[in-house]
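Participant: Could you look at this predicted model? Sequence included:
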Amino acid sequence: ARRFSVLSSPRAHHSAGTQGTVSCAAKMASNGNEHKTLVKTKPRVENKRILVTGGAGFVGSHLCDFLVGQGHYVICMDNFFTGSKDNVAHLLDKPNFELIRHDVTEPIQLEVDQIYHLACPASPVHYKWDPIKTAKTSFLGTLNMLGMAKRCKARFLISSTSEVYGDPLEHPQKETYWGNVNCIGERSCYDEGKRIAETLTMDYWREHGTDVRIIRIFNTYGPRMALDDGRVVSNFVSQALTGKPLTVYGDGTQTRSFQYISDLINGMVTVMEGPHTGPFNVGNPGEFTMLELANLVKEVVNPKAEIVFRENTADDPGKRKPDITKIKGALGWEPKVALREGLGRMVEDFKKRLGV
């Protein structure tokens, strides 16, 4: 009876001068939280569970390659509007890879730790094909994925674009520049779609404390680019390999900056794993006119190729070049692959797919 009274009344025990018995409560206090009753805990997982929307596309498939190689459990989700199962076929037998055919504009319930939200047509010829679908993908798709991130307490990265700067009046473009976008033009379904996607992302951060990251991707090239996507690098390489004239739209003086796909993937993962929300420009600041690019493709791929000029498309930006001071200073990232080297790397892939 005496022992019971001491344990249930540590204060009486102390006042009596007894030193041999310590209460359970005192033991727990001395050992921190390790003896507390477990009320709730996140299910134990060995590696990160990472969702990549648009994972069967050009960029998404390379990101899946990298993440699977790192040992993470990767869920690739794609509706195959512009993506292709061929891009991830080599991953299907991997135990840490899963492919889901699903449209991000429709809700889905998954349990994940990180979300790389890439889903959206990115080539002008494709996003103009169904502009309403493009706008819905940017808005509803982003809304659905942010909702998942909030519910799962997952970190969310939105792959935005340099197109949020429109036809820029600032050159090169810094993240602080608000842009010069035609909100009713042929390209606005994509440009404004990505701008509202960024808005939603920041609103979830402000209103719900969702852990978010924003990157703005500049022109990227490499293996697995769609042969019919109408983008300038894939156009020129395909035309040069098949003996067709290289088509330059306008007078060829408009400029772009081109980063190789491996540099982009490294930049995306660096931002996702880093401590900063962004936005961050992710691109190569090397600037080329379209005519300079055409001549370089001739030199690297087919010196006999001709160059022809065609009327330019609507709202085509005159200049585009990233200022990467912010990401370089905050995270130490910068591109490594020069344009000439990158073009050489993608030629073999295009030869194989074109059958030349």
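Facilitator: That came in fine, so what should we check first?
Participant: Using CSV, write out the CA atom coordinates for stretch 280-292.
Facilitator: Extracted C-alpha coordinates of stretch 280-292, given in CSV (Å, rounded to 0.1, in the frame of the first residue of the first chain):
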residue,chain,number,x,y,z
PHE,A,280,13.0,30.1,-60.7
ASN,A,281,14.0,30.4,-64.3
VAL,A,282,15.4,27.1,-65.5
GLY,A,283,17.1,27.5,-68.9
ASN,A,284,20.3,28.0,-70.7
PRO,A,285,21.2,31.7,-71.2
GLY,A,286,23.0,31.1,-74.4
GLU,A,287,21.0,33.1,-77.0
PHE,A,288,20.7,32.2,-80.7
THR,A,289,18.7,33.6,-83.6
MET,A,290,16.6,31.1,-85.6
LEU,A,291,19.0,31.6,-88.5
GLU,A,292,22.0,30.8,-86.3
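Participant: Give me the buried stretch members for the helix or strand Thr142 falls within, please.
Facilitator: Using DSSP states H and E, Thr142 sits in helix 142-152. For helix 142-152, burial by neighbour count (16 or more other CB atoms under 10 Å) applies to Thr142, Leu143, Asn144, Met145, Leu146, Met148, Ala149, Lys150, Cys152. Glycine gets a C-beta too; all of them are placed from N, C-alpha and C.
Participant: just stretch 50-69 next, same as before
Facilitator: 50-68.
Participant: Can you say which helix or strand has the residue nearest to Tyr221 when sequence neighbours are not counted in it?
Facilitator: Nearest residue to Tyr221 in three dimensions, chain neighbours excluded: Val233, at 4.0 Å (CB to CB, 6 or more residues apart in numbering). Using DSSP H and E, Val233 sits in helix 232-241.
Participant: and the closest residue to Lys85 other than its chain neighbours, what element?
Facilitator: Among residues not flanking Lys85 along the chain, Ala56 sits closest, at 6.1 Å (CB to CB, 6+ apart). For Ala56, there is no enclosing helix or strand under DSSP H and E.
Participant: elements contacting the helix ranked longest in the chain?
Facilitator: In the chain, with assignment by DSSP state H, the single longest helix is helix 188-208. Using 3 or more CB pairs under 8 Å, 6 or more residues apart in numbering; DSSP states H and E, the elements in contact with helix 188-208 are helix 124-127, helix 131-136, helix 142-152, strand 155-161, strand 212-217.
Participant: now with 7 Å?
Facilitator: Helix 188-208 sits against helix 131-136, helix 142-152, strand 155-161, strand 212-217, with contacts defined as 3 or more CB pairs under 7 Å, 6 or more residues apart in numbering; DSSP states H and E.
Participant: Now for the spatially closest residue to Thr53 that is not a sequence neighbour: which residues touch it?
Facilitator: Spatial nearest neighbour of Thr53, excluding adjacent residues (CB to CB, 6+ apart): Ala119 at 3.8 Å. For Ala119, the contact set (CB atoms under 7 Å, 6 or more residues apart in numbering) comprises Thr53, Gly54, Val104, Thr137, Gly141.
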